[in-house]
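[1] Fold the following, please.
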Amino acid sequence: KSEWNLVEFSMRSYKDTGTFVVGGVDNIMALLDDHIVKTQTMRGSPFIKPIESTCRKWEERLKYSLSLIEEMIACQKNWMYLEPIFSSDDIKKQLPSESKRFQGVNSLWRKIMRDCSINPKFMFHAKEEKGLDEKFIQSNKKLEDIMKGLADYLETKRLCFPRFFFLSNDELIEILSQTKDPRAVQPHLNKCFEGINQ
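    Below is the predicted model of the structure:
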């Protein structure tokens, strides 16, 4: 257990968002896997009786911690993808319900990251009573719904203008998020129309 007192999140600021993202989780996950195996080995020992309940509780906490970090990383990945999209006013107007859902996830993400940057000790946050695991599970469900809504929206735009099928989702989002700037379309014209470079 004492090993975990030294384990901290590696927090780094993310672009110009004013918030943080978590880095260096591979080491934490490897340590969690290692300790879960060790704890399960200890529980298989015939000499475990005096500390069996303590060992079982510790194993449950390690498994909870592993689940928490997996949900956190999944949330971070989707948040990092969607954050620049929903910081565009044009996209907010075109996808109001998805934008509202994203703002809820965004404010929760920012709060948790602020807390993690103030106290980066991993085990401080990996307490079941804090309920972070459940918050991330709910956030991940919302982010999946947002991604589905975004994909449906892009599909309708492609059906309206079939040349958009030649563009990737990211390129199409870039065009749609800058509707007031016709020059934003120029880098993508050669994919939409053969023989046009500018």
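[2] Contacts only, for the spatially closest residue to residue 149 that is not a sequence neighbour.
    By the measure of CB to CB, 6 or more residues apart in numbering, the closest residue to residue 149 outside its immediate chain neighbours is residue 98, 4.4 Å from it. The C-beta positions use only the backbone N, C-alpha and C, and glycine is treated the same way. For residue 98, the residues meeting the contact criterion (CB atoms under 8 Å, 6 or more residues apart in numbering) are 86, 145, 146, 149, 150, 153.
[3] now, which of these sits nearest residue 125?
    Proximity to residue 125 was ranked across those by CB to CB; first place goes to residue 146, at 24.6 Å.
[4] In contact with the closest one, which residues?
    Remark: with contacts taken as CB under 8 Å, 6+ apart, residue 146 is in contact with 82, 98, 101, 102, 105.
[5] Helices along the protein, start to end?
    Under the criterion DSSP state H, helices of the chain are mapped to 25-43, 52-86, 89-94, 96-118, 122-125, 132-160, 169-176, 189-192.
[6] can you pull the buried residues of the last one?
    Residues residue 192 are the ones in helix 189-192 that count as buried (16 or more other CB atoms under 10 Å).
[7] just to revisit the earlier point, of the contacts of residue 98, just say which sits nearest to residue 195.
    When those are compared for distance to residue 195 (CB to CB), residue 153 comes out closest, at 29.6 Å.
[8] gap between the residue nearest to that closest one when sequence neighbours are not counted and residue 55?
    Closest residue to residue 153 apart from its sequence neighbours, by CB to CB, 6+ apart: residue 95 at 5.8 Å. Residue 95 sits at a distance of 49 Å from residue 55 (criterion: CB to CB, to the nearest Å).
[9] Tell me where the protein is predicted with low confidence.
    Counting by pLDDT under 70, the chain contains low-confidence ranges at 197-198.
[10] rewinding a little: would you list the helices of the chain in TSV and tack on distance to residue 18?
    Formatted as TSV, the entries for those read as follows, by distance: least, CB to CB, whole Å:
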stretch	distance to residue 18
helix 25-43	22
helix 52-86	11
helix 89-94	18
helix 96-118	8
helix 122-125	20
helix 132-160	19
helix 169-176	22
helix 189-192	34
